[in-house]
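Trainee: Have a look at this fold, sequence not included:
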Ligand code: ITT
């Protein structure tokens, strides 16, 4: 059987991050009835895997087991070359329990300065996993390269967006119109791949 996401169907976005949920809805072009794990009061699983792909599959499967519905999860993060790829899968955890991204961005800047490196290159990764109640799971990944800037610029987006300037652009993700970010982001690229596999 060919796996498909049929337009109009209900899809659980297995995320508790409202910024991410907004982008997921926009990147699916309003073609699905999206309900979030937060709205369904599904608990967040511990992200115990060691890769974006592993954690995306873990979150999608966890939500499917609890809801019995088709679930889509995103595991993502910012990797800094000078920090050997940190914070990477720990991007959310660097913001602490209060999800303080001003603090997390400060930590990124301090760690880069501590290395003495002039290399500010960085990349965002998004792994998207779709899980079905029968245990099937499809996963794809997207990446966008750029530079870490300091100080942070822009109030749009979420998380580390104010310190990430994608290569070939003058604005940070925090300064860009959401549609401009959605035309080039790691998440957009992952969605392109997901659509190529699952959507006619
Ligand atoms: P869920 O697991 O509930 O989806 P989360 O925020 O914990 O929410 P992750 O574990 O995938 O999600 O953590 C990824 C973190 O990386 C996220 O909290 C952001 O701070 C950051 N991040 C990912 N994509 C980003 C983007 O497009 N712009 C800015 N920051 C991003």
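Mentor: Alright, I've got the coordinates. Fair warning: this is a prediction, and the values are worked out from it, not measured in the lab.

Trainee: give me the residue from the chain nearest the ligand.
Mentor: residue 159 (2.5 Å; CB to the nearest ligand atom). C-beta: built from backbone N, CA, C; applies to glycine.

Trainee: hang on, isn't that residue packed against residue 91?
Mentor: Yes. Shown here, residue 159 and residue 91 form a contact pair, counting by CB atoms under 8 Å, at 7.1 Å.

Trainee: Now for these two: what residues contact both?
Mentor: Applying CB atoms under 8 Å, 6 or more residues apart in numbering, one finds that residue 159 and residue 91 are jointly contacted by 78, 104.

Trainee: Now stretch 83-91: average pLDDT?
Mentor: Per-region confidence: stretch 83-91 scores 98 on mean pLDDT.

Trainee: so the residue of the chain closest to the ligand, which of the three states?
Mentor: Classification of residue 159 using DSSP: H, G, I helix; E, B strand; the rest coil returns coil.

Trainee: Which pLDDT value does the model give it?
Mentor: At residue 159, pLDDT is 98.

Trainee: Could I get the contacting residues of the most centrally placed residue in the chain?
Mentor: Nearest to the centroid of the C-alpha atoms of the chain, with distances taken as CA atoms, centre = their mean, sits residue 76, at 3.6 Å. Residues near residue 76 by CB under 8 Å, 6+ apart: 20, 52, 91, 124, 125, 126, 127, 186, 187.

Trainee: so what's the second one up against?
Mentor: Contact partners of residue 52, counting by CB under 8 Å, 6+ apart, are 75, 76, 77, 88, 89, 125, 126, 127, 141.

Trainee: What about the ligand: which of the residues you listed touch it?
Mentor: Subset of those in contact with the ligand: 75, 76, 77, counting by CB under 6 Å from any ligand atom.

Trainee: now, which of these lie within strands?
Mentor: Using DSSP state E, the members of the ones next to the ligand among the contacts of residue 52 that fall in strands are 75, 76, 77.

Trainee: okay, now the last one: neighbour count?
Mentor: So that's residue 77. Burial of residue 77 is recorded as 24 neighbouring residues (other CB atoms under 10 Å).

Trainee: and the closest residue in space to it that isn't next to it in sequence, what is it in contact with?
Mentor: Using CB to CB, 6 or more residues apart in numbering and skipping the chain neighbours, the partner closest in space to residue 77 is residue 91 (3.3 Å). Neighbouring residues of residue 91 by CB under 8 Å, 6+ apart: 76, 77, 78, 104, 159, 160.

Trainee: cool, and residue 48?
Mentor: Contacts here follow CB under 8 Å, 6+ apart; on that basis residue 48 touches 55, 58.

Trainee: roughly how far apart are it and residue 124?
Mentor: As defined by CB to CB, to the nearest Å, residue 48 lies at a distance of 22 Å from residue 124.

Trainee: Same check on residue 137?
Mentor: In this view, residue 137 and residue 124 are 23 Å apart by CB to CB.

Trainee: Alright, that wraps it up for me.
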